[in-house]
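Colleague: Dropping the sequence and predicted coords here.
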Amino acid sequence: MNIQKGDYVQTPRFLNVQIQDVFLSVDDLKKAGYTETTHFRDENFEVLGKSIDSTHMEFAAARKSLTVFVVASARRYAPEDTVEISIDEVFWSEYDARQYALKDIADTIEAESIDEDKADIDYELLTIDTPDCHHYWKIEPVKLPTQF
């Protein structure tokens, strides 16, 4: 799940609430005055509320940790065994990273005119093996510090 400003989320305590702001860390969320628990259950986001008067609250969200997913790719060319490695993109979700890698596989097949009948293509392992080249994509989670 990805939460953005203006989104509505369902919380056990306050039901359907609109997110007024999204912070990079739970510490920043609390420093901004959002301290009231909503009992929101999500592995990536915390949702807290703050009173704006005696009968109204507003709500904001924050990432529980700053984990990003890096897509790296490598190509090993035969017979020289020359290897090219690159960091392609960084994503907030593993799902988005995987979708990028799958699209990059399709683009590589097209750009390099790879004959799919003569290549071993594994969409689960994110690899393409041809007689001349081995292509490999890897998705790695990376934890970033919450303060810089």
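Modeller: That came through fine. Bear in mind the structure is a predicted one, so any value in this text is a computation, not a measurement.

Colleague: Okay, helices next: where are they in this structure?
Modeller: Under the criterion DSSP state H, the chain contains helices at 26-31, 94-111.

Colleague: Would you mind giving the ones you listed as JSON lines with distance to Val17, mean neighbour count and mean pLDDT added?
Modeller: To be clear about C-beta, it is placed using only N, CA and C from the backbone, and glycine gets the same treatment. Converted to JSON lines, the helices of the chain look like this (distance: least, C-beta to C-beta, whole Å; neighbours: other C-beta atoms under 10 Å; pLDDT from 0 to 100):
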{"stretch": "helix 26-31", "distance to Val17": "14", "mean neighbour count": "16", "mean pLDDT": "92"}
{"stretch": "helix 94-111", "distance to Val17": "24", "mean neighbour count": "15", "mean pLDDT": "94"}
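
Colleague: dump the residue contacts of Val68.
Modeller: By C-beta atoms under 8 Å, 6 or more residues apart in numbering, the contact set of Val68 is 90-92, 141-142, 144.

Colleague: ok, now with 6 Å
Modeller: The neighbourhood of Val68, defined by C-beta atoms under 6 Å, 6 or more residues apart in numbering, consists of 90, 142.

Colleague: what's the answer for Ile121, then?
Modeller: By C-beta under 6 Å, 6+ apart, the neighbours of Ile121 are Ile128.

Colleague: how about the strands in the chain?
Modeller: With DSSP state E as the criterion, the chain has strands at 8-11, 15-23, 36-37, 45-53, 56-63, 66-77, 82-91, 120-122, 127-129, 133-144.

Colleague: what's the pLDDT at Glu112?
Modeller: Looking at Glu112, its pLDDT stands at 90.

Colleague: That one: what's its closest spatial neighbour, skipping adjacent residues?
Modeller: Cys133 (7.8 Å; C-beta to C-beta, 6 or more residues apart in numbering).
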